[in-house]
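In: Predicted coordinates and the sequence they were generated for:
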Amino acid sequence: MDYLSKFINYLHATKNLSMKTLKAYNSDLKQFFNFEKTLLFPDICGFIAHLNSKLKLKDTSIRRKIITLKNFYDYLYNENLINFSPFAKLKFRFRQEKKLPKTLPIKEVTKILDCLNIDYDSLSPFAKNVYVRDAALLDLLISTGIRIGEAAAITLDDIIFLEHTILIHGKGRKQRLIYISSPITWDRLKILIKERKKADNNYLFVNRYGNPLSIHGIEDIYKKYIKKAQIHTKSTPHYLRHTFATNLLANGADLRSVQEILGHASIATTQIYTEVTTNRKKQVLKKFNYRNKL
C-alpha cells in the first residue's frame, strides 16, 4: 500500500526511530491490512477482537499495535489524506499484570563466573580466541547490566581506555558512558581488545567468521555457559541485567543513578526493581529476624 510506505518514510525522516522499530511498525500495519481491506472505514474493534480471541496475543502486543494504528491514522488525517480518524472516538483499556523482573541468585552468577576461570594455556589457538571473547562478554554483562543488543554494537572506538569506560549506544539512539568498576572484568576486556586490534573488523565481539555477534549469538553463548555451570533454569541474558539492577538498589544505590546506568528513559521503568528488593527484604526478615521468636 502506497500510504503505508509513505508513513514509514515519514517516521524514518522525522522520528529518529531505529530500523528495528520501523520494521515493527511496518509488520503491524501489514497484519492489519491483511485483516482489513478498507482504509476509510476500518473495523478497528473487529481487528482487536481478532488479535485477542483468535491469535491470543498478550495485552502488551495488542497495545503496541493499537498505538501503531493510531499513529498511522493520525498521520493520514494530518496530511489531509483522510477526512477523519477512526480513532477520534475510540478508547481502549487493558488490565495488565505487573510482572516483577526475573533475576538469578548470586550463587548462580558465581557459578557462571567460575566457568570462566580455566587453564588458558592448555587451550588450542581457536579455543583461546573463543574463551577470551566469551569471558569478556559474560563478565561485561554481569558487571554492567547492559542490554545484549548494546553489547553487540560495541566497537573499539567506543572504549575509552584510560578511563576504563565504554560508550554505550542505547535504545532510541541515546548514548551513555558505562564505567567498568571490576578489575577482573577490565582485565578480560583488555585481553580481548588486544586481540581485536589485530583484526580488520572494528567490533569488539565477533563470531568465528569475524562478523559482529548478533543478539542470538550472545544468547547461544549464555546458554552454553549456564549449561556448563549446571544451572537448571530457562533464564536469558536479560536476567543478568535484572540481577545487576536489583542488587545495585539492594546494596544502597539511589534510583536516579540506577536509571542512568541502565539507560532507562523513565524512572518508572527503574522503579519496578525496588519491588524485587522489597520482597527479598521481607523474606530475610521473616526467616532471620530474632524478634519473630520472642
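Out: Perfect, thanks for sending it. Residues are numbered from 1 along each chain as shown.

In: Please count neighbours and contacts with C-alpha atoms only from this point.
Out: Will do.

In: Give me the residues contacting the helix or strand of the chain with the lowest mean pLDDT.
Out: Least confident helix or strand of the chain, by mean pLDDT, DSSP states H and E, is helix 267-288 with a mean of 81. Helix 267-288 is contacted from outside by 100-101, 242, 245-247, 249-250, 255-256, 258-259, 264, 292, using C-alpha atoms under 8 Å, 6 or more residues apart in numbering.

In: can you list those residues in JSON lines and add secondary structure?
Out: Rendered in JSON lines, the data for these read as follows (DSSP: H, G, I helix; E, B strand; the rest coil):
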{"residue": "L100", "secondary structure": "coil"}
{"residue": "P101", "secondary structure": "coil"}
{"residue": "H242", "secondary structure": "helix"}
{"residue": "A245", "secondary structure": "helix"}
{"residue": "T246", "secondary structure": "helix"}
{"residue": "N247", "secondary structure": "helix"}
{"residue": "L249", "secondary structure": "helix"}
{"residue": "A250", "secondary structure": "helix"}
{"residue": "L255", "secondary structure": "helix"}
{"residue": "R256", "secondary structure": "helix"}
{"residue": "V258", "secondary structure": "helix"}
{"residue": "Q259", "secondary structure": "helix"}
{"residue": "H264", "secondary structure": "coil"}
{"residue": "N292", "secondary structure": "helix"}
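
In: Check the residues you listed for burial and list the buried ones.
Out: P101, H242, A245, T246, N247, L249, A250, L255, V258, Q259, H264 (16 or more other C-alpha atoms under 10 Å).

In: what about D74, which SS state?
Out: helix.

In: circling back to that earlier point, run the chain-centre distance for the least confident helix or strand of the chain.
Out: 22 Å (C-alpha atoms, centre = their mean, to the nearest Å).

In: And stretch 242-250, by the same measure?
Out: On C-alpha atoms, centre = their mean, the centre of stretch 242-250 falls 16 Å from that of its chain.

In: Spatially nearest residue to Y25 (excluding sequence neighbours)?
Out: Once flanking residues are discounted, Y25 sits nearest to T68: 6.1 Å by C-alpha to C-alpha, 6 or more residues apart in numbering.

In: Please, where are all the helices along the stretch 1-150 of the chain?
Out: Taking DSSP state H, counting those that start in this stretch as the criterion, the stretch 1-150 of the chain contains helices spanning 2-14, 19-35, 44-49, 59-78, 106-115, 125-144, 148-152.

In: could you say what helices and strands the fourth one packs with?
Out: Which is helix 59-78. Contacts defined by 3 or more C-alpha pairs under 8 Å, 6 or more residues apart in numbering; DSSP states H and E place helix 59-78 against helix 19-35.

In: and the angle for the helix it packs on with helix 2-14?
Out: Here helix 19-35 points in a direction 160 degrees away from that of helix 2-14 (axes from the mean of the first three to the mean of the last three C-alpha atoms, to 10 degrees).

In: Begin at 5 from now on, thanks
Out: Okay, residue one is now 5; in that scheme the one you just asked about reads as helix 23-39.

In: quick one: buried residues of helix 23-39?
Out: L26, Y29, N30, D32, L33, F36.

In: cool, stretch 43-58 as well?
Out: D47, I48, F51, I52, L55.
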